[in-house]
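Visitor: pasting the structure only:
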Ligand SMILES: Cc1cc2nc3c(=O)[nH]c(=O)nc-3n(C[C@H](O)[C@H](O)[C@H](O)COP(=O)(O)OP(=O)(O)OC[C@H]3O[C@@H](n4cnc5c(N)ncnc54)[C@H](O)[C@@H]3O)c2cc1C
C-alpha cells in the first residue's frame, strides 16, 4: 500500500532571524498549521536585544539578508542594529509570520509522548506538535563575568546586550570590560560623547580595517531598478566570505596568512604610539579568535580621553575598577561586554525525549547534535544554529537557510508517510562528533588562544570543515544516518 501523506502541526520556538525563516519556509512547503512561540514581545532576537551604541552587523548587509528578501534600501555596507531589526520586522510582517506568533510566551517544557511533542509555556498553555523547530539562538544568554565586588559599584552597570538607555552617558566616565565585537563597536560610538572612556582589555584583538561607507541615493535607486545588481553584489560578497570561511579551517592556508598580514598592517599604520601599539598587538594567530571588523577602532582608542587598560582587574569597588597594579579607575558607568553563554541552545527548556530521556542529562557534559540539527532519541525535533555549527565571520542567515532546507527534507519523510518519527542514530551522531573533533585539530581556532569557540576541553565547538562542505552536506540528508519509525 502507498504510504498516506499527513497534515502536520509544527511549532517553532523563537522568532529571531531563524524562527522567522522557519515559519516562512514551513508555510511555503504547504505546512499551514504553524505556531511560533516567542518569549519577548517583538521579533528580532539578537537585534531586538542588543541596542548598544554602535551596534551594526559585521557581515555586509547585502550578505546578511534572506536570499528571498533582498533589501535594496540598506543604508550602509554594515548597517546598524535598528535598521536590521526593522528589516526582520518587515519581513515577518510581509510574510504573515507575525500572525503566527504567540508573543510573551516562553516554551518551558517539551516532551515527546506517544509520537508527538507536548509543550508547555510560561503562561500555562499546553500545546502539541508533530514537529518542533527550535530557533532559540546561540548568542542569546548574556555571560556576566564573576568579578569580585561587582555588586558594590555605586554607578550604573549593565551587560552590553541589556543596555540601559535611561543611564546618561554624555560627559560621564564610562568603562567597558571586554574586547569582543560589541566592546569594539561601543568604543567607537562612545568615545566622543563621554568625558573619559576606559577599555579593560584581557586579550588584545586582531582588527581588520573595514570601512563602512553609506550607499548613495544613486546606488539605492540602481538596486531598486536593477535587482540583478543586488544579486551580483551579494554573490561577490558571498565569494569573498566563503574564501574566509574556507581558510579558517586550515591554520596554514595562504588566505589566512593574507588576512593576518592585513591585520598587522592595520595595526602598524594606524596606531602611532609604539607602547600602545604593542599593548594592542595580539600574541596569537589572526582568526584564532573571532576577527574584529572595524572602520575606526584604532582611531577611537587613541583619542586623548580614551584609556586602554591592560592590567588585570582585581575587583570592582564602589567608585570604579581597581586593577592589580593598585590603580583605581573611577567610573560613573560600567558596561560588561563579556559575551554570551554559548552552550545553552534549547536550554533552559526542560526537553524530554523518548523513554523520559532528559536533554539536560544527554548534554550534561556539553551539547552535541548530528550535524548541529538533531539528537538521537529526540525525534522530529530540529535545531537551527544548534551546537557545533558554522559560526564565525560570515552570515548566519545563509547557515540557517541551508539548515532549514535540509530539515524540510526530513520533515517531508514524515509528511509523505514514509515514517512517523525521524531522528539520527546514535552511531551516526557519535561518528560525526568523533570526526568533527579530529578535524578541529587543523583549524586556526586551535592555534593557542582563549576564545568563546572553545568548549570545556579546548575543542572548538564549531563546524571544522569548509563552508563549501557545509553546503554539500546540507544539500540532501543521508538517510542512512537516521532511524525512521
Ligand atoms: C551583538 C551581535 C552581533 C552579531 N552580528 C552578526 C553579524 O554581523 N552577522 C551574523 O551572521 N551574525 C551576527 N550575530 C549572530 C546573531 O545572533 C545571528 O546572526 C542571528 O541573529 C541569530 O538568530 P537566531 O534566530 O538563531 O537567534 P536569536 O536572534 O538569538 O533569536 C532567538 C529567539 O528565540 C527566543 N527564545 C529563546 N528561547 C525561547 C523559549 N524557550 N521560548 C520562546 N522563545 C524563546 C528569543 O527571545 C529570541 O527572540 C551577532 C550576534 C550578536 C549578539
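Guide: That came through, no problem. These numbers come from a predicted model, not from an experiment. Numbering: from 1, shown residues only.

Visitor: which bits of the stretch 151-300 of the chain sit near the ligand?
Guide: residue 182 (Cβ under 6 Å from any ligand atom). For glycine as for every other residue, the C-beta is placed from the backbone atoms N, C-alpha and C.

Visitor: What degree of burial does the residue in the stretch 151-300 of the chain positioned nearest to the ligand show, as a neighbour count?
Guide: Closest approach between the stretch 151-300 of the chain and the ligand, counting by Cβ to the nearest ligand atom: residue 182, at 5.0 Å. By other Cβ atoms under 10 Å, 25 other residues sit near residue 182.

Visitor: Could I get the phi/psi values of it?
Guide: For residue 182, the backbone dihedrals (degrees, to the nearest 10) come out as phi -60, psi -50.

Visitor: can you pull out the helices in the chain?
Guide: 17-28, 46-49, 81-94, 181-190, 217-225, 227-247, 254-270, 274-279, 297-301, 359-362, 396-415, 426-440, 467-475 (DSSP state H).

Visitor: Tell me the pLDDT of whatever residue of the stretch 251-400 of the chain ends up closest to the ligand.
Guide: Ranked by Cβ to the nearest ligand atom, the top residue of the stretch 251-400 of the chain for proximity to the ligand is residue 396, at 3.6 Å. Note for residue 396: predicted pLDDT of 95.

Visitor: So residue 283 sits against residue 204, correct?
Guide: Yes - here residue 283 reaches residue 204: they are 7.4 Å apart, a contact under Cβ atoms under 8 Å.

Visitor: neighbour-wise, which of those two wins?
Guide: Ranked by neighbour count (other Cβ under 10 Å), residue 283 and residue 204 place residue 204 first, with 18 against 8.

Visitor: My read is that the more buried one contacts residue 277, right?
Guide: No - counting by Cβ under 8 Å, residue 204 does not reach residue 277; the two are 10.3 Å apart.

Visitor: Find residues that contact each of the two.
Guide: With contacts defined as Cβ atoms under 8 Å, 6 or more residues apart in numbering, no residue is shared by residue 204 and residue 277.

Visitor: residues from the stretch 1-150 of the chain in reach of the ligand?
Guide: Residues of the stretch 1-150 of the chain found near the ligand (Cβ under 6 Å from any ligand atom) are 13-19, 37-40, 45-46, 50, 57-59, 64, 106-107, 135-137, 139-140.

Visitor: again, only using 5 Å
Guide: Counting by Cβ under 5 Å from any ligand atom, the stretch 1-150 of the chain comes close to the ligand at 13-14, 16-18, 37-40, 45-46, 50, 57-59, 106-107, 135-137, 139-140.

Visitor: and the helix or strand of the chain with the lowest mean pLDDT, how far from the chain's centre?
Guide: The helix or strand of the chain with the poorest confidence is helix 227-247; it has a mean of 90 (mean pLDDT, DSSP states H and E). For helix 227-247, the separation from the chain centroid amounts to 20 Å (computed by Cα atoms, centre = their mean, to the nearest Å).

Visitor: What of stretch 395-405?
Guide: 12 Å.

Visitor: Tell me if I'm right that residue 385 and residue 139 touch.
Guide: No - Residue 385 lies out of contact with residue 139 (Cβ under 8 Å); the separation is 9.1 Å.

Visitor: Those two: which has the busier surroundings?
Guide: With neighbours defined as other Cβ under 10 Å, residue 385 and residue 139 compare such that residue 385 has more, 26 against 21.

Visitor: can you pull the contacts of that one?
Guide: So residue 385 contacts 18, 135, 137, 138, 372, 391, 396, 399, 400, 403 (Cβ under 8 Å, 6+ apart).

Visitor: Excluding chain neighbours, what is closest to the fourth one?
Guide: Spelled out, it's residue 138. Nearest residue to residue 138 in three dimensions, chain neighbours excluded: residue 385, at 4.9 Å (Cβ to Cβ, 6 or more residues apart in numbering).

Visitor: how far away is the residue of the stretch 151-300 of the chain closest to the ligand from residue 478?
Guide: Separation of residue 182 from residue 478 (Cβ to Cβ, to the nearest Å): 38 Å.
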